[in-house]
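[1] have a look; sequence and predicted model below, questions after that.
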Amino acid sequence: MSKPASPRIFTRLFVERANAADAAGAAALYEPDAVLAYPPGGFTVGRDAIQALFEKMFENRHHFEPEAPLPTVAWHDYALTSTPPKDGAGARAQVVRRQSDGTWLRAID
């Protein structure tokens, strides 16, 4: 599974993998020790835990709609990505970090 070559494609990749119920592929977008602010009021820490969460989440085969990304803010090896959610559920923002091979992974979501 390829890793993102740009911070700007995370939204598209996540939606594609989520709609395919590919929990491993969606979790592969995260660093091994990433933090996901989910479930509401809590956190899921680590790629393995994030994958387990996605496996449960994707069981329902909920259809994820793409959300147009807002401008990406980048600084050195970090970037802030965000989307205005279509469901009005508040902001969606992620911090992604450039990896040693030049690809990007989510560190905070």
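    That came through fine.

[2] show the end-to-end separation of stretch 81-96, please.
    According to C-alpha to C-alpha, to the nearest Å, stretch 81-96 extends 7 Å from its N-terminal end residue to its C-terminal end residue.

[3] over to stretch 66-73?
    End-to-end span of stretch 66-73 (C-alpha to C-alpha): 20 Å.

[4] how about stretch 22-36?
    So stretch 22-36: terminal residues 17 Å apart, C-alpha to C-alpha.

[5] give me the buried positions along that stretch.
    Within stretch 22-36, the residues that qualify as buried are 23, 25-31, 34-36, counting by 16 or more other C-beta atoms under 10 Å. Every C-beta, even on glycine, is put in place using the N, C-alpha and C of the backbone.

[6] try stretch 85-105
    Counting neighbours by 16+ other C-beta under 10 Å, the buried set in stretch 85-105 is 92, 94-97, 104-105.

[7] tell me if residue 13 really is in a helix.
    Yes. Counting by DSSP: H, G, I helix; E, B strand; the rest coil, residue 13 is located in a helix.

[8] for it, give me the pLDDT.
    Residue 13 is assigned a predicted lDDT (pLDDT) of 94.

[9] tell me which residues touch it, please.
    When contacts are counted by C-beta atoms under 8 Å, 6 or more residues apart in numbering, residue 13 touches 4, 29.
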